[in-house]
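In: Pasting the sequence and the predicted coordinates here, then a few questions.
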Amino acid sequence: MGKHNASVQHSYTVEIVISGSGPHVVRTYPKKAGVVIPFGGIAAMNSAEAIEFDPSGDLAVKGVATKPAAADDVSVTLCVLGGVKRELVTVKDNAALDAAITVKLEERHIYCE
């Protein structure tokens, strides 16, 4: 058998929201139709469907989106445990990522670094 050397090159840069040495858990969840969850957006679960987390609401944080989910996407991929880059985490309606929201993330073992 001969040797096979393969490499894949991309001409674009992928920005990653996950940070730190881990561990990290990333899972895919069903997303509510018509809802947009941006890259780095904090998500919550409403009736088993992901929506954008509303700091003024009563739903708990579920995770941070590792890639954007458009309105017509049926699912969203979330980091549900581990470190995330603080500068990439976004809150609904451009609300500030304040201490109260950071605590809600930490209650889920998601740490802004």
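Out: Yep, it's here.

In: can we go C-alpha only for contacts and neighbour counts from here?
Out: Noted.

In: can you pull out the strands in this protein?
Out: Taking DSSP state E as the criterion, the chain contains strands spanning 18-19, 25-30, 42-46, 49-52, 61-65, 75-84, 110-112.

In: now those strands in TSV, with mean pLDDT and distance to Ala96?
Out: Below are the strands of the chain laid out as TSV (pLDDT from 0 to 100; distance: least, C-alpha to C-alpha, whole Å):
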stretch	mean pLDDT	distance to Ala96
strand 18-19	84	20
strand 25-30	95	24
strand 42-46	97	12
strand 49-52	97	14
strand 61-65	97	15
strand 75-84	95	16
strand 110-112	95	13
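
In: what's the most buried one of these?
Out: Comparing those on average neighbours per residue, with mean count of other C-alpha atoms under 10 Å, the densest one is strand 61-65 at a mean of 27.

In: Partner strands of that strand and their direction?
Out: Sheet pairing of strand 61-65 (DSSP bridges) gives strand 42-46 (antiparallel), strand 75-84 (antiparallel).

In: residue contacts, the residue nearest to Ala70 when sequence neighbours are not counted?
Out: Closest residue to Ala70 apart from its sequence neighbours, by C-alpha to C-alpha, 6 or more residues apart in numbering: Val36 at 4.9 Å. Val36 is in contact with 51-52, 68-71, counting by C-alpha atoms under 8 Å, 6 or more residues apart in numbering.
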